[in-house]
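Engineer: pasting the structure only:
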């Protein structure tokens, strides 16, 4: 995928301002990163990637994340838009985990599970921010017992932007007791531009030959199944809308995609490998997602019903955007065959995802 050319050496400018200078959101900081034709903004509330702007093939810039500046919606129905979710992203069945023979009840979020770390997960917290040469670092301390999870957890996330069109998200965490950690960013993308219709015509490629089928609550059964010959086969570019309404037992319940794909083995040297390629044929914008994580949860906003109105003035309905959540598998603590999410004292949790923007 091509990247729009930049004239001469480019540096990243980093500045910050109040999110809502005259209102209740004055304590929330908005950090703005600009490099060449690209711009990203990050909020200290939820360590949220709030906006991301990129040019199309004609050089016209557009903001490509579902996003709102209405504080009531940021705190309510849009609370996960672009946020860092944890301590455990995605679902944990039964709202409990067992570590070293000790059971830990977790704060439930409904439906017999705990999703995205609990009702007061990391997406709802105020993070401390400090500048980096090419971005911003955010810090959070999660105390022992937070939402039921054992161990005090210290987390940092770095957002860095380069003029080549790469936004890197690098996570780091350490714990005082054995715990589980699964962190991701929950941005919704629409490469045509925020509010510019649905994403059903976007082409999606996933570097995955299998996925984890789920029950009616989107809890994995604990096995993987091949994607070949199913609506889950995105091994070559395929319109998201081609099979999203197929009469397939894994699609009829959620009304679209809300599943974890099993990525092909990651590079042995620990660098991020490609997980996904998203393309908008109309604008030419492309998004390549690279990660060190073993899975990617694809959610096509099936459940959106207009509760959030974006900066464009458009209320978001089904398929307004697509989330590409790089992470470990849902409910891993209950499935020994899945990659482990355990973190122990003396160990370091490290994870990197790169969003590589371009045009095609």
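Structural biologist: Looks like it arrived, so ask away. Because the structure is a prediction, the values reported are computed rather than measured.

Engineer: contact partners for residue 56?
Structural biologist: Residue 56 is in contact with 62, 283, 284, 285, 359, counting by Cβ atoms under 8 Å, 6 or more residues apart in numbering. In short, each C-beta sits where N, CA and C put it, glycine included.

Engineer: tell me if I'm right that the first one and residue 194 touch.
Structural biologist: Yes. Counting by Cβ atoms under 8 Å, residue 62 does reach residue 194; the two are 7.3 Å apart.

Engineer: neighbour-wise, which of the two wins?
Structural biologist: Counting neighbours by other Cβ atoms under 10 Å for residue 62 and for residue 194 shows that residue 194 has the greater number, 24 against 19.

Engineer: element containing that one, please.
Structural biologist: Residue 194 is part of no helix or strand, with elements assigned from DSSP states H and E.

Engineer: just the helices from the stretch 51-200 of the chain, written as ranges.
Structural biologist: 71-75 (DSSP state H, counting those that start in this stretch).

Engineer: please enumerate the strands of it.
Structural biologist: Listed in chain order, the strands of the stretch 51-200 of the chain (DSSP state E, counting those that start in this stretch) span 61-63, 84-85, 91-93, 96-99, 102-105, 113-115, 128-132, 135-142, 153-162, 166-175, 179-180, 184-185, 188-189.

Engineer: so which bits of the lowest-mean-pLDDT helix or strand in the chain are buried?
Structural biologist: Here the helix or strand of the chain ranked lowest by mean pLDDT, DSSP states H and E is helix 71-75, holding a mean of 91. Judged by neighbour count using 16 or more other Cβ atoms under 10 Å, the buried positions of helix 71-75 are 71, 73, 74.

Engineer: what number of residues lie near the closest residue to the second one other than its chain neighbours?
Structural biologist: Spelled out, that is residue 73. What sits nearest to residue 73 in space, not counting adjacent residues and going by Cβ to Cβ, 6 or more residues apart in numbering, is residue 308, at 5.1 Å. Around residue 308 there are 22 other residues, counting by other Cβ under 10 Å.

Engineer: residues contacting residue 308?
Structural biologist: Contact analysis of residue 308 by Cβ under 8 Å, 6+ apart lists 66, 68, 73, 77, 78, 81, 315, 316.
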